[in-house]
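Novice: Mind folding the following:
(one chain, ligands or ions: 1)
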Amino acid sequence: MITSQIKKVIVLFGTRPEAIKLAPVIFELKNNANFETIVVSSSQHTDLLKPFLQIFNIQVDYDLQVMTDNQTPNSVCAKVLQGLDTIFAKEKPDVILVQGDTTTAFAGAFAGFNRKIKVGHVEAGLRSGNLYSPFPEEANRRLVTQIADFHFAATNKNCEVLKREGIGENKVFLTGNTVVDALHFVLNHSKPSEKIAKLLENTRNFKRILLTTHRRESFGDKMSGNLLQLKEFVSQQTDTCLIFPVHPNPNVRKITNEILANCERVYLLEPLDYIDFTALMKESWLITSDSGGVQEEAPSLGKPLLVLRENTERPEAIESGVAKLVGENSLLEMLNANYIDESWITSVKQVPNPFGDGNAAKRIVEVLKRN
Ligand code: UDP
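Specialist: Below you'll find the model as predicted:
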């Protein structure tokens, strides 16, 4: 009788989006007798990460605790490499799974490569085309591609990118994006907190604009310009309101307080857990965001999204019609145009999600089982 050997898999994350997107994979691995799963958090973000571990009931086996004030990509990288090496020596895993394009993901992949441990890259094949934007994420994702053994791509476009860059067809797997799995889970299993339920109740007669912005490329004039235009729009259109969970980064907090504190119909919140945030997305009139994950979630919720970026590594969101890139355009003009003519806002309600069908994690685990 042939008995299949149990594979030991390390799953590594360090930031909010990685935890959200790896939670469904951890769930599938833990429920599969073919795997022993070890969860490692770099804690590249700490406070932002905690609520997500609770929602998805993730137990962290090793916490590398890399976060410090004013951390740099180099300090995160050095600590993750060092910390993982000790864990590798003890656990001797067969595979390490990393997600996306953070410094944690790059360092995890590189640490695995150096020890000849197989590397699986979840959300492979995204490219903005500009090495410096988003920074350092575009470089991180390209570097992981060079050393990964399994490339789990969300879309056909992502698969094509990888193949064009010389990755063998047998290493590229079209799985969909695991964020769609996470979103389905949360939408099916949970209700918003009392605080958010109350906010929704208080704003029920208003067109809600939900904002997130925290990316490095948005800091400074770009961010203040966006906030000023949103402020002007909401003050002019009195049946609208702005809801903004403000990222803890001081570059975001300072400008936000200067521009948006104490404005009528502007709600500044602490960062929200995934249940509350998805509830707000679902009930919004329009979303404006520089986030990557939000571009992948908006289609499932049928919500129009104005992307606060110069470019996007997720063109599928634009092509599907759900998102529009603000780029050099005037955000205020775009808001006004869609306020006057709501045809785009209405049209996105029925768009299928180009990023996945909610079964990505199952496909990833199946590939790991077979290989
Ligand atoms: N998100 C959240 N609470 C918030 C803001 C965002 O749960 O207050 C979620 C959002 O739904 C998405 C993810 O966090 O899944 C995006 O994280 P972020 O914007 O930090 O990273 P990116 O997606 O740009 O890598």
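
Novice: Now stretch 349-359: buried residues?
Specialist: Val351, Asn353, Pro354, Phe355, Gly356, Gly358, Asn359 (16 or more other C-beta atoms under 10 Å). In short, each C-beta sits where N, CA and C put it, glycine included.

Novice: For my notes, confirm the fifth one occurs in a helix.
Specialist: No - under DSSP: H, G, I helix; E, B strand; the rest coil, Gly356 sits outside any helix and is assigned coil.

Novice: quick one: the nearest residue to it once chain neighbours are set aside from the ligand, how far?
Specialist: For Gly356, ignoring the flanking residues on the chain, the nearest one in space by C-beta to C-beta, 6 or more residues apart in numbering is Gly176 at 2.8 Å. Distance, Gly176 to the ligand, by C-beta to the nearest ligand atom, to the nearest Å: 15 Å.

Novice: what's near enough to touch Gly176?
Specialist: Counting by C-beta atoms under 8 Å, 6 or more residues apart in numbering, Gly176 touches Ala154, Thr155, Phe355, Gly356, Asp357, Gly358, Asn359, Ala360, Arg363.

Novice: Dump the C-alpha coordinates for the helix or strand of the chain with the lowest mean pLDDT into PDB.
Specialist: Least confident helix or strand of the chain, by mean pLDDT, DSSP states H and E, is helix 50-55 with a mean of 88. What follows is helix 50-55, C-alpha atoms only, in PDB (Å, rounded to 0.1, in the frame of the first residue of the first chain):
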ATOM      1  CA  LYS A  50      -4.500  41.300  15.500                       C
ATOM      2  CA  PRO A  51      -8.200  41.700  14.700                       C
ATOM      3  CA  PHE A  52      -7.800  39.600  11.500                       C
ATOM      4  CA  LEU A  53      -6.200  36.700  13.400                       C
ATOM      5  CA  GLN A  54      -9.200  36.700  15.700                       C
ATOM      6  CA  ILE A  55     -11.800  36.900  13.000                       C
END
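
Novice: In the protein, which helix is the longest?
Specialist: Secondary structure assigned by DSSP state H gives helix 73-91 as the longest helix of the chain.

Novice: Name the residues of the stretch 201-350 of the chain found near the ligand, please.
Specialist: Residues of the stretch 201-350 of the chain lying close to the ligand (C-beta under 6 Å from any ligand atom) are Thr212, Pro245, Pro271, Leu272, Tyr274, Phe277, Ser291, Gly292, Gly293, Val294, Glu297.

Novice: farthest pair in these?
Specialist: Using C-beta to C-beta, the pair of those lying farthest apart is Leu272 and Gly292, separated by 17.2 Å.

Novice: more neighbours, the two?
Specialist: Neighbours were counted for Leu272 and for Gly292 using other C-beta atoms under 10 Å; Gly292 has more, 22 against 19.

Novice: Now for Leu143: which residues touch it?
Specialist: So Leu143 contacts Phe106, Ala109, Phe110 (C-beta under 8 Å, 6+ apart).

Novice: is it true that the last one touches Gln82?
Specialist: No - under the contact definition of C-beta atoms under 8 Å, Phe110 does not touch Gln82, with a separation of 11.9 Å.

Novice: Pull up the residues of the stretch 1-150 of the chain that are close to the ligand.
Specialist: So far as C-beta under 6 Å from any ligand atom goes, the stretch 1-150 of the chain lies against the ligand at Arg16, Pro17, Ile20.

Novice: Give me the neighbour count for the residue nearest to the second one when sequence neighbours are not counted.
Specialist: So that's Pro17. In space, and not counting its chain neighbours, Pro17 is closest to Gly293: 4.8 Å by C-beta to C-beta, 6+ apart. Residues near Gly293, counting by other C-beta under 10 Å, number 23.

Novice: Check His247 too.
Specialist: 20.

Novice: Any chance of a ChimeraX selection covering the buried ones in the residues of the stretch 1-150 of the chain next to the ligand?
Specialist: In ChimeraX syntax, the buried subset of those is picked out as below (16+ other C-beta under 10 Å):
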select :16,17,20
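
Novice: For Cys263, state which of the residues of the stretch 1-150 of the chain next to the ligand is nearest.
Specialist: For those, the nearest to Cys263 is Arg16 (26.5 Å; C-beta to C-beta).

Novice: OK, contacts around the closest residue to the closest one other than its chain neighbours?
Specialist: Nearest non-adjacent residue to Arg16, counting by C-beta to C-beta, 6+ apart: Leu48, 4.7 Å away. Contacts here follow C-beta under 8 Å, 6+ apart; on that basis Leu48 touches Thr15, Arg16, Pro248, Pro271.

Novice: Thanks a lot, see you next time.
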